[in-house]
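>>> Here's my sequence, what's the structure:
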Amino acid sequence: MNEQILLYNSTHKDAVNVFIEQARKEESAGTFREDKFNVDTLDPKSSLWFALVDDVVVSVSYAQRSFITGTPTSIRICRYHILKKYRHGRYGFKMLEKQVAWAKENGFKHFYWTHDINNKALNALYQHKKRYLHGDNTFFETGYFKQLMLEPNILFHDSPKSNMLQYVYSIYLDTDFVWGPKSNIIKYIHNGDIKISSMEILNAENIIRNN
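Okay, here's the model as predicted:
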């Protein structure tokens, strides 16, 4: 198997668009909505990454300046999908290594990824509480993944139209940088193992919304 992690440019357009159509058919129609994501209108100071396996694009991840939180010196990982046939390829972790290196080289101060608080298994991985039982786990021991840490005082809220809340995992590329998100963040103290529902949190009177 020939596997590569590559930075997108226009020569990859057709192959990436084939991937996007397949991702829409699987479960990511919302992630790759035509009015929200188009490879022709990508932010020139952000970067799109993809995994290529035997000349097929099997996963995509967008390292985007964090306009959504009003902090464009931060990079947010979004638009992430792996085709079902390749789900055990660890491509998100493999892309993360190159994305963080790219962010550092391009002067960004902060790097973060978010995950649905209800996805217990995936959050246990990102909180360094468990590993995969099988396959390549080298990313647990080496590279930038070890620096990815839970933000215990905030939750990410993508849209007021959505009930989904997400944990935030950060790497501070500049250790003196103080991240001050201005929107799409809820101030909520937690330990990464929230027992109540997202709706209960959203309806609480004492939460502070940055939006």
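>>> Give the other helices and strands that the helix or strand where Ile171 lies contacts.
For Ile171, the element it lies in under DSSP states H and E is strand 166-172. In terms of contacts (3 or more C-beta pairs under 8 Å, 6 or more residues apart in numbering; DSSP states H and E), strand 166-172 is packed against strand 110-116, helix 120-126, strand 149-150, strand 154-156. Where C-beta positions appear, they are placed from N, C-alpha and C, glycine not excepted.
>>> Show me the contact partners of it.
100, 109-117, 123, 126, 144, 147-151, 154-158, 179, 185, 190, 192 (C-beta atoms under 8 Å, 6 or more residues apart in numbering).
>>> of those, buried ones?
100, 109-115, 117, 123, 126, 144, 148, 150-151, 154-157, 179, 185, 190 (16 or more other C-beta atoms under 10 Å).
>>> where are the low-confidence patches of this structure?
Within the chain, the ranges that satisfy pLDDT under 70 run 29, 135, 211.
>>> And the helices in it, which stretches?
Using DSSP state H, the helices of the chain run over 13-26, 91-105, 120-126, 198-202.
>>> got the angle between the longest one and strand 166-172?
Read it as helix 91-105. 40 degrees (axes from the mean of the first three to the mean of the last three C-alpha atoms, to 10 degrees).
>>> Against Thr11, how distant is the spatially most central residue of the chain?
Central residue of the chain (C-alpha atoms, centre = their mean): Ile77, 3.3 Å from the mean position. Distance of Ile77 to Thr11, given as C-beta to C-beta, to the nearest Å: 23 Å.
>>> Ok, Val18 next?
14 Å.
>>> Looking at these two now, which is surrounded by more residues?
Val18 (12 against 7; other C-beta atoms under 10 Å).
>>> how much space between that one and Val57?
Counting by C-beta to C-beta, the gap from Val18 to Val57 is 7 Å.
>>> Kindly report the same for Leu96.
Taking C-beta to C-beta, one finds Leu96 at 17 Å from Val57.
>>> who's more crowded, the two?
Between Leu96 and Val57, counting by other C-beta under 10 Å, Leu96 is the more crowded of the two (25 against 22).
>>> ok, that one touching Ile75?
No - in this structure, Leu96 is not within contact of Ile75 by C-beta atoms under 8 Å, at 10.9 Å.
>>> what's the most buried one of the helices of the chain?
helix 91-105 (a mean of 19; mean count of other C-beta atoms under 10 Å).
>>> Let me see the contact set for Ala101.
Tyr144.
>>> Looking at the helices of the chain, which is nearest to Lys85?
helix 13-26 (9.5 Å; C-beta to C-beta).
>>> what packs against the closest one?
strand 47-53, strand 56-66.
>>> circling back: the helices of the chain: which one's closest to Ser162?
Comparing these by C-beta to C-beta, helix 198-202 comes nearest, at 9.0 Å.
>>> mind checking how far Ile20 is from Glu34?
Taking C-beta to C-beta, one finds Ile20 at 9 Å from Glu34.
>>> again, but for Thr138
Taken as C-beta to C-beta, the span from Thr138 to Glu34 is 37 Å.
>>> Of those two, which one has the most company?
With neighbours defined as other C-beta under 10 Å, Thr138 and Glu34 compare such that Thr138 has more, 12 against 9.
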